[in-house]
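>>> dropping a prediction and its sequence here:
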Amino acid sequence: MSTSDLPPPDPDADDPADAAALAGYAAALADAVEVAIPAWVDRAVRGVLATQGLPPDDAAIAAAAAAARADGAPRVRALLETDVDAQPTNPLSILRSLVPYPTEVLRDAGAHPVPRDEFATRTFPDDPYDLTPASFAALDESLHEPGLVWGAAKAHIHLARRRREGRR
């Protein structure tokens, strides 16, 4: 029997304490992400504008920050509420998808694209201002610990399920 012939894992078989811990860590990460998104947009835009000697448009920055939060925070929360084996992506991918919000403000302000390395240019072609966060901490330092703890708890659940299936 191949591993693809095995039945899907039963989330109800998870250790209840582990499942509750993961849910708590997921909620904490989702809450932190909701707070961090607008601050990241604000810092990202103001940082590029300051480097290029361009004035900030406070209203445009605030609108982009609110729109990014309204787009990203619910998607991150929904993902984190999804069973670990059914998650089609990860929260950092969702956060990276928000780069167009600050990018639009920077373009409208007349900012020039910044130099990027070959990897960034190839991997994130629509990010001319090099805003794509490489990690939770790159988006906001406050996300480092909740992201790390959530990731470890997710991995723990995932590995426990694979062990129950005889796959580890």
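All right, it came through fine. Numbering: from 1, shown residues only.
>>> list the buried residues of the longest helix seen in the chain.
Using DSSP state H, we find that the single longest helix of the chain is helix 16-51. For helix 16-51, the buried set under the neighbour-count rule, 16 or more other C-beta atoms under 10 Å, comprises 19, 21-22, 25-26, 28-30, 32-34, 36-38, 40-46, 48-49. In this view, the C-beta of every residue, glycine as well, is placed from N, C-alpha and C.
>>> could you give the mean pLDDT of it?
Helix 16-51 carries an average pLDDT of 96.
>>> send me the helix or strand that it is followed by as PDB with only the CA atoms.
Downstream of helix 16-51, the next assigned helix or strand under DSSP states H and E is helix 58-81. The C-alpha coordinates for helix 58-81 follow below in PDB (Å, rounded to 0.1, in the frame of the first residue of the first chain):
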ATOM      1  CA  ASP A  58      -0.700  60.500   4.500                       C
ATOM      2  CA  ALA A  59      -4.200  59.900   3.200                       C
ATOM      3  CA  ALA A  60      -3.000  57.600   0.400                       C
ATOM      4  CA  ILE A  61      -0.800  55.700   2.900                       C
ATOM      5  CA  ALA A  62      -3.700  55.300   5.400                       C
ATOM      6  CA  ALA A  63      -6.000  54.100   2.600                       C
ATOM      7  CA  ALA A  64      -3.500  51.500   1.400                       C
ATOM      8  CA  ALA A  65      -2.800  50.300   4.900                       C
ATOM      9  CA  ALA A  66      -6.600  49.900   5.600                       C
ATOM     10  CA  ALA A  67      -7.100  48.100   2.300                       C
ATOM     11  CA  ALA A  68      -4.200  45.800   2.800                       C
ATOM     12  CA  ARG A  69      -5.500  44.900   6.300                       C
ATOM     13  CA  ALA A  70      -9.100  44.400   5.000                       C
ATOM     14  CA  ASP A  71      -7.700  42.100   2.200                       C
ATOM     15  CA  GLY A  72      -5.000  40.200   4.100                       C
ATOM     16  CA  ALA A  73      -6.200  39.800   7.700                       C
ATOM     17  CA  PRO A  74      -9.400  37.800   7.000                       C
ATOM     18  CA  ARG A  75      -7.500  35.500   4.600                       C
ATOM     19  CA  VAL A  76      -4.800  34.800   7.100                       C
ATOM     20  CA  ARG A  77      -7.300  34.200   9.800                       C
ATOM     21  CA  ALA A  78      -9.300  31.800   7.600                       C
ATOM     22  CA  LEU A  79      -6.200  29.900   6.600                       C
ATOM     23  CA  LEU A  80      -5.100  29.600  10.200                       C
ATOM     24  CA  GLU A  81      -8.600  28.200  11.100                       C
END
